[in-house]
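>>> what would the 3D arrangement of this be:
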Amino acid sequence: MTTTFWPTFAVPVQLRTGSKRTDRLNDLENRMNAFLAEKERTGCAEVVDRVKASREEVRNARSRP
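Residues are numbered from 1 along each chain as shown. Model prediction:
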């Protein structure tokens with residue numbers, strides 16, 4: 001009886017830069033930044049202030065594990 005030899009080799013694996021949660025939070029922050037840039041020129045100050053506060057909440061949530 002002979003033993004079958006299976007050479008070991010590295011399989012290329014794409015490493016993820018972050019979790020789905022982190023990706024979604026980054027996407028949300030990017031969209032909020034774009035919205036703020038537009039609304040700071042044309043929008044209501046109250047809306048801009050609320051979006052800025054929400055953006056800070058997103059940043060804080062992203063830094064949590």
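>>> so where do the helices sit in this structure?
Listed in chain order, the helices of the chain (DSSP state H) span 20-42, 45-63.
>>> in TSV, list the ones you listed along with mean neighbour count and mean pLDDT.
In this view, the C-beta of every residue, glycine as well, is placed from N, C-alpha and C. Conversion of the helices of the chain to TSV gives the following (neighbours: other C-beta atoms under 10 Å; pLDDT from 0 to 100):
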stretch	mean neighbour count	mean pLDDT
helix 20-42	12	86
helix 45-63	12	84
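>>> OK, contacts around Glu29?
Contact partners of Glu29, counting by C-beta atoms under 8 Å, 6 or more residues apart in numbering, are 55, 58-59, 62.
>>> what do you get if the cut-off is 7 Å, keeping everything else the same?
Counting by C-beta atoms under 7 Å, 6 or more residues apart in numbering, Glu29 touches 55, 58-59.
>>> please apply the same query to Ser19.
Taking C-beta under 7 Å, 6+ apart as the contact definition, Ser19 lies against nothing.
>>> rerun at 10 Å
Leu25 (C-beta atoms under 10 Å, 6 or more residues apart in numbering).
>>> check Phe35 too.
When contacts are counted by C-beta under 10 Å, 6+ apart, Phe35 touches 43, 47-48, 51, 55.
>>> closest to Leu36 out of these?
When the contacts of Phe35 are compared for distance to Leu36 (C-beta to C-beta), Val51 wins out at 5.5 Å.
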